[in-house]
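J.: I would like the atomic coordinates for the input below:
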Amino acid sequence: MEQILNFISTNREMIYFVVLSIFVGVEVIGGVPTVLHTPLMSGANAIHGVVIVGAIYVMLKVDVSNTLALVLGFLAVLLGTLNVVGGFVVTDRMLEMFKKK
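T.: Here you go, the predicted model:
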């Protein structure tokens, strides 16, 4: 627990930046018209693919005794993978709407 509190206190600005980025991202994505949703999802899938590769690379370089870094890396890989798969599912459903029956 002391490691977590120490991490938070030393990286306070970074945490503020991430929280602000989340709020800005929600506002920007919420204002996207429906027509542009499919290209936006394709771009997001590409970005999250890079996140997955980066998280795997970082996990390979982390010391095995650093449990916090390994858990955060695993969560990054897991959530990035879920986001990529979900993005492809949503994109596929949207493209199905434009096919002729």
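J.: figure out how far the lowest-mean-pLDDT helix or strand in the chain is from the centre of its chain.
T.: The helix or strand of the chain with the poorest confidence is helix 37-61; it has a mean of 80 (mean pLDDT, DSSP states H and E). In terms of Cα atoms, centre = their mean, to the nearest Å, the centre of helix 37-61 is set 7 Å apart from its chain centre.
J.: now do the helix or strand just after that helix and helix 37-61, the angle between them.
T.: Proceeding N to C from helix 37-61, the next assigned helix or strand is helix 67-97, under DSSP states H and E. Going by axes from the mean of the first three to the mean of the last three Cα atoms, to 10 degrees, helix 67-97 is angled at 160 degrees with respect to helix 37-61.
J.: per-residue confidence at Arg12?
T.: In this model, Arg12 is scored at 92, pLDDT.
J.: list the residues that contact the closest residue to Ile52 other than its chain neighbours.
T.: Of all residues not flanking Ile52 in the chain, Gly80 sits nearest, at 4.2 Å (Cβ to Cβ, 6 or more residues apart in numbering). C-beta coordinates here come from the backbone N, C-alpha and C atoms, glycine included. Listed by Cβ atoms under 8 Å, 6 or more residues apart in numbering, the contact set of Gly80 reads 48-49, 51-52, 55.
J.: buried residues in the least confident helix or strand of the chain?
T.: Neighbour counts using 16 or more other Cβ atoms under 10 Å place 38, 41, 44-45, 48, 51-52, 55 of helix 37-61 among the buried residues.
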